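*Asks:* compute the structure for the input listed below.
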Amino acid sequence: MNSTTRFKLSTMMFLEFFIWGSWFVTLGTFLGNNLKATGGETGAVFSTQSWGAIIAPFIVGLIADRYFNAERILGVLHIVGAILMYQMYNATDVSVFYPYVLGYMILFMPTLALVNSVSFNQMKDPEKEFANIRVFGTIGWILAGLAISFVFHWDSAEGVTQGLLKNTFLLAGIASAVLGLFSFTLPKTPPKVSSSEKIKIGDLIGLDALKLLKDKNFAIFFISSILICIPLAFYYQNAHPFLTNVGVENPTGKMAIGQISEALFLLFIPVFFARFGFKKTILVGMLAWAIRYALFAYGNGAELSWMLIIGIALHGVCYDFFFVSGQIYTNSKAGERYKSSAQGLITLATYGVGMLIGFEVAGKITDTYKAADGAIDWEMVWIIPAGIAAVVFLLFAVLFNDKTKSEIEAKAL
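*Replies:* Numbering: from 1, shown residues only. Sure thing, here's the model as predicted:
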């Protein structure tokens, strides 16, 4: 890969995740303070990510893979996304805000697959080259959080009171417009499938891979993946409002510690697989969810703020040890025929079904423990997902008993 192409792909990844990190992290706080949304309304807004994940395969599979170059679709989606971001910036009521964020997520979630497609099309050895490009996405997310906290101070106590968090949508909209225009300069990525070739809807969402559920252990993993996304939704929806509410300074910047942790712990996945195997690796990830939420439940923004920082830093263990190792396990179990279908099915189950349920549950729990004066019993809000994660951990530990070695374990050994 020449240096020009490498620069373009790295910039594309940086902007893609800078956009997402610019507004999604602070969304819960914005909804509660600027739009006075209830827990249920906040859950509905966050669930648009799940609807986007469910619809994304149809946009990519029916349009991007058959009719138009991936980089052109990427450009159009981000330009339209910039317009929707501006409408979200101007919204003054959650009922007005919701249709725009729903439309935006339906357009944005397919771009996650498109940036990968554009990147892979330029690589001779994706297993070695992709990580060096993808890391710029993590850097973009981190810098978005640092800018909001330490450059613009939109998430400071004064900034939140003044309603400055709405500016995050303006920032994301500008970055989206830039990426939209920049996309037309990216390397050409033509359709992979002939427009005349028949395509099955089941292929788009991985229904062919349902055959894998005949394997008892894979079925247990599949169900566990859905269940663990319920506590995951609590983090996305409530972490920033919680940190803001308990008085943590620069909460957006400090939440970027989670992305730094994610990048670092990714390096430990092969080591854990080789030494402990898949089951123990994924159990560590599940246990980390329970521990992190217990730290949130009993920590505070004063003398016990270290507990909150550790909870944020555990994001790398929570995400990498469960989701990344789960993707590797799925790949090894699927075989050549069902690899793509299996990954699509797991994505649909987790970011689609699992988190859709999770956001609904998180919204109802938050409303249940919200007093008439608006005060929230955060201890109970975090203890419940900690308990859910602990139950999933115990069920998986008892029921999962796969003696076969995955591809990555075999290679490592």
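*Asks:* from here on, just use CA atoms for contacts and neighbour counts.
*Replies:* Noted.
*Asks:* low-confidence ranges in the stretch 301-413 of the chain?
*Replies:* Under the criterion pLDDT under 70, the flagged ranges of the stretch 301-413 of the chain are 335-341, 343, 403-413.
*Asks:* pull the number of nearby residues for S224.
*Replies:* 20 (other CA atoms under 10 Å).
*Asks:* I misspoke; the intended subject was I357.
*Replies:* I357: 21 neighbours (other CA under 10 Å).
*Asks:* do you know how far it is from K364?
*Replies:* Distance, I357 to K364, by CA to CA, to the nearest Å: 11 Å.
*Asks:* before we move on, what about S332?
*Replies:* From S332 to K364 the distance is 38 Å (CA to CA).
*Asks:* in this structure F30 contacts K166, no?
*Replies:* Yes. Taking contacts as CA atoms under 8 Å, F30 lies within contact range of K166: 7.0 Å.
*Asks:* low-confidence stretches in the protein?
*Replies:* Low-confidence segments of the chain (pLDDT under 70): 60-66, 127, 192-209, 335-341, 343, 403-413.
*Asks:* find the nearest non-adjacent residue to the residue nearest the centre of the chain, please.
*Replies:* Nearest to the geometric centre of the chain sits Y351, at 7.6 Å (CA atoms, centre = their mean). Leaving aside its sequence neighbours, Y351 sits nearest to S50 (CA to CA, 6 or more residues apart in numbering; 5.5 Å).
*Asks:* the one you found reaches I357, doesn't it?
*Replies:* No. S50 lies out of contact with I357 (CA under 8 Å); the separation is 9.2 Å.
*Asks:* so what's the residue count around N132?
*Replies:* By other CA under 10 Å, the residues close to N132 number 12.
*Asks:* same question for A390.
*Replies:* With other CA under 10 Å as criterion, A390 counts 19.
*Asks:* check K124 too.
*Replies:* Burial of K124 is recorded as 10 neighbouring residues (other CA under 10 Å).
*Asks:* now it: phi and psi?
*Replies:* Per-residue torsions, K124: phi -90, psi -30 (degrees, to the nearest 10).
*Asks:* tell me which residues touch it, please.
*Replies:* Contacts for K124 (CA atoms under 8 Å, 6 or more residues apart in numbering) come out as none.
*Asks:* the helices in the stretch 1-150 of the chain, which residues?
*Replies:* For the stretch 1-150 of the chain, the helices defined by DSSP state H, counting those that start in this stretch cover 3-23, 27-33, 39-46, 48-59, 70-90, 94-120, 126-146.
*Asks:* the stretch 301-413 of the chain too?
*Replies:* 305-313, 315-319, 325-347, 355-368, 378-399, 407-412.
*Asks:* save those helices as a markdown table, and put in distance to A113 too.
*Replies:* What follows is those, written out as a markdown table (distance: least, CA to CA, whole Å):
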| stretch | distance to A113 |
| --- | --- |
| helix 305-313 | 27 |
| helix 315-319 | 19 |
| helix 325-347 | 11 |
| helix 355-368 | 19 |
| helix 378-399 | 29 |
| helix 407-412 | 24 |
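*Asks:* most tightly packed of those helices?
*Replies:* Ranked by mean neighbour count, the helices of the stretch 301-413 of the chain are led by helix 315-319 with a mean of 25 (mean count of other CA atoms under 10 Å).
*Asks:* counting by contacts, list what that helix packs against.
*Replies:* Other helices and strands packing on helix 315-319, by 3 or more CA pairs under 8 Å, 6 or more residues apart in numbering; DSSP states H and E, are helix 251-265, helix 269-298.
*Asks:* so what touches it?
*Replies:* Outside helix 315-319, the residues that touch it by CA under 8 Å, 6+ apart are 258-266, 284-286, 288-289.
*Asks:* kindly recompute the last result at 10 Å.
*Replies:* Helix 315-319 is contacted from outside by 232, 235, 255-266, 268-269, 281-292, 311-312, 321-326, using CA atoms under 10 Å, 6 or more residues apart in numbering.
*Asks:* weed out the non-buried ones from the residues you listed.
*Replies:* 232, 235, 255-262, 265-266, 269, 281-292, 311-312, 321-323, 325-326 (16 or more other CA atoms under 10 Å).
*Asks:* now the common contact residues for F30 and K166.
*Replies:* In contact with both F30 and K166: W23, V160, using CA under 10 Å, 6+ apart.
*Asks:* list the contacts for G299?
*Replies:* G299 is in contact with V246, Y293, S305, W306, M307, L308, I309, I310, G311, E379, counting by CA under 10 Å, 6+ apart.
*Asks:* can you give me the buried ones in stretch 215-232?
*Replies:* Using 16+ other CA under 10 Å as the test for burial, stretch 215-232 gives 217-232.
*Asks:* wait, which of the residues you listed is closest to T11?
*Replies:* For the buried residues of stretch 215-232, the residue nearest T11 by CA to CA is L232; the value is 28.8 Å.
*Asks:* give me the distance between L348 and A177.
*Replies:* In terms of CA to CA, L348 sits 28 Å off from A177.
*Asks:* try H78
*Replies:* Using CA to CA, one obtains 6 Å as the distance from H78 to A177.
*Asks:* name the residues contacting each of these two.
*Replies:* Joint contacts of H78 and A177 (CA under 10 Å, 6+ apart) are I19, M85, S183.
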